Structure formats: structure tokens, C-alpha cells
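Novice: Sharing a model that was predicted from the sequence below.
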Amino acid sequence: MANKDKPGRIWLRRLAWGAGVLAVLVYAVEGGEYGTSDLWTQRDERQQLESDLEVLRDTVAVLRRTLEQVRTDDATLERIAREEHGLVKGEKELLYRVRRVEAGTALNDSAR
């Protein structure tokens, strides 16, 4: 009877060894704090961060050029004051203040 069980035991032992070797290989590739998939994810994140950094460097360069223009060029400073802040210059221009009146609100004579 011992001879009949031997081939099954050998097969079971080989299967156990194969599963153990496979487990060790999987742990070697994916186990630990930084597995292969984690390293790929970090590589992709690094590429994205480097791309973002390049965009930010370009933005800083544009802002530095604009700052230098504002400091040295009065026409640029005046243009920004007009476009972004609605300021006017000189005595030849008229400034009107427009007031919104809600429907149903009566204006008194002095406001007309």
C-alpha cells in the first residue's frame, strides 16, 4: 500500500514546491514597500510633476517679463490700469457712474 501512495505524494510535494517558488517570485517582484507596480506609478507621477514644473517655470518667466515692463514702461502700466482696474487718466476723459435701478423702485427728482 505504501508503494501506491508514493506517486501521489511526489506529485503533491512537487506542487507544493512549485507553489512556494511561485510565491517567492511574486513577492520578489511585487512584495515589500516598493513593488514593481509602485515603481511604475512613481515614474509616471515624476514625469507629470516634471511637466508641471516646466509649465510653472514658463509662467514665472512670463510674469518676470511683465513685471519688468510694468516697472520700466509707463504705457504698459497705464494699459494695465485701464484694462484691469478701470482707471482713467487726464482731464479730457469723462467718467460716468451708472447706477442700476431695480424694477418697481421709484427715482426721486434729484436722482434723475
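Specialist: Thanks, I have it.

Novice: Tell me the helices and strands packed up against the longest helix along the chain.
Specialist: In terms of residue count, the longest helix belonging to the chain (DSSP state H) is helix 36-72. Using 3 or more Cβ pairs under 8 Å, 6 or more residues apart in numbering; DSSP states H and E, the elements in contact with helix 36-72 are helix 2-30, helix 74-85. (Glycine included, C-beta is placed from N, CA and C.)

Novice: Lowest average pLDDT across the ones you listed?
Specialist: Ranked by mean pLDDT, the helices and strands packed on helix 36-72 end with helix 2-30 in last place, scoring a mean of 81.

Novice: Remind me what that one packs against, helices and strands.
Specialist: Using 3+ Cβ pairs under 8 Å, 6+ apart: helix 2-30 touches helix 36-72.

Novice: nearest to Ser37, of the helices and strands packed on helix 36-72?
Specialist: helix 2-30 (6.6 Å; Cβ to Cβ).

Novice: Tell me how far the closest one lies from the chain's centre.
Specialist: 48 Å (Cα atoms, centre = their mean, to the nearest Å).
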